[in-house]
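Novice: Give the three-dimensional model of this entry:
(one chain, ligands or ions: 2)
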Amino acid sequence: MKPPSSFTAVVPAAGVGKRMAAGLPKQYLPLLGSTVLEHTLNRLLEHPAIGRVIVATAEHDHWFPALAIARDPRVLRVNGGKERADSVLNALARVETDWVLVHDAARPCLHPADLEAVLAAGRQHEGAILACRVRDSMKRGDGHGAISGSVSRDELWHALTPQCFATRPLREALAAALAAGCDITDEASAMEWAGFRPRLVEGRADNIKITRPEDLGLAGFFLQQMIESEQ
Ligand SMILES: Nc1ccn([C@@H]2O[C@H](COP(=O)(O)OP(=O)(O)OP(=O)(O)O)[C@@H](O)[C@H]2O)c(=O)n1
Ligand SMILES: C[C@](O)(CO)[C@H](O)COP(=O)(O)O
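Specialist: Numbering: from 1, shown residues only. Ligands and ions are numbered 1, 2, ... in the order given. This next block holds a predicted model:
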């Protein structure tokens, strides 16, 4: 008897991919014989603790219904919103499990070990996110192309996804933060605003978010490496 799945995955996939400038939303770009989105969804559905995936797509998105995975009974489509946070909030309204993880559609190179680690940490703390330490020297610009100063790399991290939280606190924090006009670019920032202190789980730097044209080839390379290592 399969244990009840304790997590629902929310996948924001309603973006237009302006920075990718690909002529169609980047989540539908071809990748290793499939699409970016299908690779992302399959990596989540492979984990036994994830029983359902709620995908937020643009209301008039005609690409998603054409995907075979759209007919998977574990996959539910909802309308996205103006910003990523709005899309996540729309999807959270349909989550029925006590725990939820939010993962960008544009991050297909998620390693199973990283997924397992952030799921475990999310339930043991006030939520958890995958993150990787900054490696480059960090500068702040003055808005006119010159350096205004250097930013210490000490305890400076790139926030990745998945980001895992208890469903109700996340839903309440995200709704309140958006209503307060906060600029919410990830789920952790809403939980921080609400006074929680999510854990940082060090993840792989190849869990890239496909954002600009040069990222697609890199994602294909990382994904190929991952698939070969799993064979
Ligand atoms: N209103 C929005 C905007 C973004 N996203 C999703 O949030 C993830 C991360 O966003 P980003 O990388 O910024 O994607 P886009 O918004 O499509 O990119 P751009 O900013 O270049 O247009 C993506 O999977 C994107 O589809 C979403 O669900 N709803
Ligand atoms: C959620 C995220 O991927 C964490 O780094 C990032 O905030 C998404 O930002 P975007 O501008 O919506 O891509």
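Novice: going on from the longest strand along the chain, what's the next piece of helix or strand?
Specialist: The longest strand of the chain (DSSP state E) is strand 157-166. Next helix or strand after strand 157-166 toward the C-terminus (DSSP states H and E): helix 167-179.
Novice: just to revisit the earlier point, note down every partner strand of the longest strand of the chain and its orientation.
Specialist: strand 99-102 (antiparallel), strand 128-133 (antiparallel) (DSSP bridges).
Novice: can you give me the mean pLDDT across the single longest helix found in the chain?
Specialist: Counting residues, the longest helix in the chain under DSSP state H turns out to be helix 213-230. What helix 213-230 shows for mean pLDDT is 96.
Novice: repeat for stretch 23-35
Specialist: 97.
Novice: does it come close to ligand 1?
Specialist: Yes: shown here: stretch 23-35 in contact with ligand 1 (C-beta under 6 Å from any ligand atom) through residue 27. C-betas here are computed from N, CA, C, even on glycine.
Novice: Figure out how far that stretch is from the centre of its chain.
Specialist: 17 Å (C-alpha atoms, centre = their mean, to the nearest Å).
Novice: got the residues of this structure near ligand 2?
Specialist: So the chain meets ligand 2 at 84, 104, 159-161, 185-186, 209 (C-beta under 6 Å from any ligand atom).
Novice: Now render those as CSV, adding distance to residue 93.
Specialist: CSV is the format used below for those (distance: C-beta to C-beta, whole Å):
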residue, distance to residue 93
84, 16
104, 19
159, 24
160, 25
161, 19
185, 20
186, 19
209, 24
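Novice: Which ones among the residues you listed also lie next to ligand 1?
Specialist: Answer for those near ligand 1 (C-beta under 6 Å from any ligand atom): 84, 104, 209.
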